[in-house]
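[1] turn this into a model:
(chains A and B)
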There are 2 protein chains.
Amino acid sequence: MSVDATLAHIDANLTQATDRLLELLRIPSISTDPAFAADCDRAADWLVADLQSIGIDATKRPTPGHPMVVGHVEGDGPHLLFYGHYDVQPVDPLELWDRDPFDPQVEDTAKGKVIRGRGAADDKGQLMTFVEACRAWKAVNGTLPCRITFFFEGEEESGSPSLVPFMKENADELSADFALICDTGLFESKTPGIVTMLRGMMGDELTLTGPAKDLHSGMYGGVSINPIRVLTKILAGLHDDQGRVTLPGFYDGVPELPDELRAQWQGLSFDHQAFLGDVGLSVPAGEQDRTPIEMIWSRPTCEVNGIWGGYTGAGFKTVLPSQAHAKISFRLVGDQDPDAIRESFRKVVQDALPADCTVTFKDHSNGSASVFETDDPTFEAARQALSDEWQVPAAYIGCGGSIPIAGHFQNIVDTTPMLIGFGKDDDQIHSPNEKYDMESFHKGMRSWVRILAALST
Amino acid sequence: MSVDATLAHIDANLTQATDRLLELLRIPSISTDPAFAADCDRAADWLVADLQSIGIDATKRPTPGHPMVVGHVEGDGPHLLFYGHYDVQPVDPLELWDRDPFDPQVEDTAKGKVIRGRGAADDKGQLMTFVEACRAWKAVNGTLPCRITFFFEGEEESGSPSLVPFMKENADELSADFALICDTGLFESKTPGIVTMLRGMMGDELTLTGPAKDLHSGMYGGVSINPIRVLTKILAGLHDDQGRVTLPGFYDGVPELPDELRAQWQGLSFDHQAFLGDVGLSVPAGEQDRTPIEMIWSRPTCEVNGIWGGYTGAGFKTVLPSQAHAKISFRLVGDQDPDAIRESFRKVVQDALPADCTVTFKDHSNGSASVFETDDPTFEAARQALSDEWQVPAAYIGCGGSIPIAGHFQNIVDTTPMLIGFGKDDDQIHSPNEKYDMESFHKGMRSWVRILAALST
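    This next block holds a predicted model:
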């Protein structure tokens, strides 16, 4: 095998690789909105065809929700699995996009070329870094360097309801030596990292109902319960003045950071002023006795992700609404139990309800936190390959996001997850104007070539 | 003049009168939404033509917003002015309507016939009770019984921005002995009332901004300020545990109810259990040391009429939003000063902002409370006419709503307002499925005939 020739092939074919990614980005595969179900299916078909075009035995596999894509190629050496997801987040508020989110384009910016469009960074662009690395390897070397299983999901942005059942039903097929998961970011824009610590997440939605219908505040104001007022009071009570979450039992299972890791993180060049400054902020707003990097990587949170009730249009309407709603998520760490926290949250809400007010809840996602041991020398080989490509030492890092799949690989198919990604902090994933740097895409492909070489020797 | 013949004419022509009202209700004159500006104009044209058809010298009068309609008819005796508004509230949530809100219809219900559609009760149906009474009077008697000025507004549901300037510019033309204002309700479904006490209203909208753009809660959760959390904390602090508003100075100018009026109200057959039970409630939720009727008629309130921020669609999105919003209104009584309360509210919000959080405000309506003296014997004559029509003693009552026009007649054109209306508590004004009882419409017309007779003798 020739690594250099493969890297050169990638450099020479960057335009074609970009065009393929743009094609995939044009498919509006928003998994959380049933209106886009056919588009999710279309994205799966596109990936099956693309894998088949490089000789991989790929099929679309039905689930009760959006389909999985599974592909196999045989080979010697270690058995690697690669995971990514082809579904994307919703695009609202649409008016804040500078372009149609599903008419992606390469744009020249002050910081270099970027691929702009929904899913560019999360996760279609990242997913394609590996597919393109394999395409180049095959073109140059004739075969891939080891046995590889491709596993693409279409429900990652909507709580992955079909994932665990599918993995359990197909455990033999999805078991490998290492699962390469490409859904995370660089440590900072020039330094790659391997994530070894992930927060979990529990999502819940509540609807408070007061009067049986919307009322006129002139007629009922002062005598009727207002569910918005009840909701704001409940939500305002979820944090204390120091930024700690007040739910009983919330911190059960939250570990203190080991001294060694704390020292390692303190050695990282994390500039929290720049991190916050990029988004117009200046002061870390979490638990006041924690460092910013702890707030993001190793501390649990409670956030209101959406709230609505009453009249929200132009002008004014003196309505006393019948209902008020909120979507709430908890980022979890260590051994925090998502089910116990959901129960505690719901009890706090129930106990806070005044007369004439009822609540209904709706489950959203539910995943525990994960910590991965890096003792296996394969981790060090991958870290070195990344360091070679980016010309700086790659780091073992934490990640504030929740990637439940990592835990599933450990627990369901007994496969060690290895989280490597090339996103940047300013990619605006889940937000308007999402982008993926051409540098992330290009060096991402090249990184995988080096990692494949390192892991298959 | 023949009152009995006029009443008989109304009875005989109820179908035609209803058809005219349905025609007016078909015009979607939503004043708060600029998309319906042409429809507001069309409603004004319709009224001008309808007044002209009964011999009234009516014209559409431009304003910077929606037009006024002013009509005159000469005559002997007292000079009466009649006020109503042709604009209506928005119709969302549209999915809660059982029919198209602008395809009105007469429906048979368990409680009798109702006219269903947006504006049926507020205020097109009420407005037309007087127009139809005049039409019948003219048809039977040849001329109207006294000098009458008709004055219809098209911005009542959007804060009446053009009203005060228009009244000031046309003060001579709009000055009369009494201003009959038909935008209130019966005391209860079989007992009419004349409103002598009205709450004022101050409306404000606030937008809190934290990060410069929407963020991913995985990446920023725990370290970034969340404007929804800030908003809920501010709103939750606006009331204390006893239901009192906490704004400094809020109760300045709030009078205690005179013993005489308290006694009179205690004598009214107000069944607050039934009033609340109609809308699925059981417990008065306002200031805990006040009676329900005080809460509605004579105590000030603070209500959140709308709240929104973050992701509010189907499914879940782990966004940390850049902004959170609320629309808030204060019902005012006695000598409370709307400007002082707006200032106090905004200062409380400003003072509560944490680092990295800014606020912008938007004024909505602003009207003081009103109390009207009923010493003039004309009030007693009108009350007797109402008692004759409804066959029960009519009452002097309070009203929780805000009808700033009443104060404007007093203060700008030195005209005594007399608030008489025929709405019922279950009319669902400002809500889905608004209706006006056929009884309200029919006996409303008949009431005005009796009142015209009583006031012009």
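
[2] what is the burial count for A:D240?
    A:D240 is flanked by 10 other residues according to other CB atoms under 10 Å in any protein chain shown. Every C-beta, even on glycine, is put in place using the N, C-alpha and C of the backbone.

[3] and for the one 10 residues further on?
    Per other CB under 10 Å, the neighbour tally for A:F250 reads 21.

[4] for A:D339, same thing?
    By the criterion of other CB under 10 Å, A:D339 has 10 neighbours.

[5] for A:F330, see how far away the residue lying closest to it once chain neighbours are set aside is.
    Leaving aside its sequence neighbours, A:D339 sits nearest to A:N366 (CB to CB, 6 or more residues apart in numbering or on different chains; 7.3 Å). Between A:N366 and A:F330 the distance, using CB to CB, to the nearest Å, works out to 10 Å.

[6] what residues do these two have in common as contacts?
    Common neighbours of A:N366 and A:F330 (criterion: CB atoms under 8 Å, 6 or more residues apart in numbering or on different chains): A:M201, A:M202, A:G203, A:P338.

[7] the third one pairs with what?
    Here A:G203 sits in beta bridges with A:S329, going by DSSP bridges.

[8] contacting residues for it?
    Counting by CB under 8 Å, 6+ apart, A:G203 makes contact with A:G159, A:N305, A:K327, A:I328, A:S329, A:F330, A:D363, A:H364, A:S365, A:N366, B:F316, B:T318.

[9] wait, doesn't the first one sit right on A:S365?
    So the one you mean is A:G159. Yes - A contact is recorded between A:G159 and A:S365 when judged using CB atoms under 8 Å, the distance being 3.8 Å.

[10] what parts of the stretch 301-450 of chain A come near chain B?
    In this structure, the stretch 301-450 of chain A approaches chain B at residues A:301, A:303-321, A:324-325, A:327, A:329, A:331, A:354-356, A:364-365, A:399-402, A:425, A:428-432, judged by CB under 8 Å from any CB of the partner chain.

[11] drop anything exposed from the residues you listed.
    When these are checked for burial by 16 or more other CB atoms under 10 Å in any protein chain shown, the buried set is A:301, A:303-312, A:315-321, A:324-325, A:327, A:329, A:331, A:356, A:364-365, A:399-402, A:425, A:428-432.

[12] among the contacts of A:G203, which are located in helices?
    The helices in this structure, assigned by DSSP state H, contain none of the contacts of A:G203.

[13] dump those residues into CSV; add pLDDT and distance to B:L174 as well.
    Written out in CSV, the entries for those read as follows (pLDDT from 0 to 100; distance: CB to CB, whole Å):
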residue, pLDDT, distance to B:L174
A:G159, 86, 61
A:N305, 97, 52
A:K327, 97, 51
A:I328, 97, 53
A:S329, 95, 57
A:F330, 95, 60
A:D363, 92, 60
A:H364, 88, 57
A:S365, 76, 62
A:N366, 81, 65
B:F316, 85, 55
B:T318, 86, 57
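
[14] what would the residues you listed look like in JSON lines with distance to A:L268?
    Converted to JSON lines, the contacts of A:G203 look like this (distance: CB to CB, whole Å):
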{"residue": "A:G159", "distance to A:L268": "31"}
{"residue": "A:N305", "distance to A:L268": "28"}
{"residue": "A:K327", "distance to A:L268": "33"}
{"residue": "A:I328", "distance to A:L268": "31"}
{"residue": "A:S329", "distance to A:L268": "26"}
{"residue": "A:F330", "distance to A:L268": "26"}
{"residue": "A:D363", "distance to A:L268": "36"}
{"residue": "A:H364", "distance to A:L268": "32"}
{"residue": "A:S365", "distance to A:L268": "29"}
{"residue": "A:N366", "distance to A:L268": "31"}
{"residue": "B:F316", "distance to A:L268": "31"}
{"residue": "B:T318", "distance to A:L268": "24"}
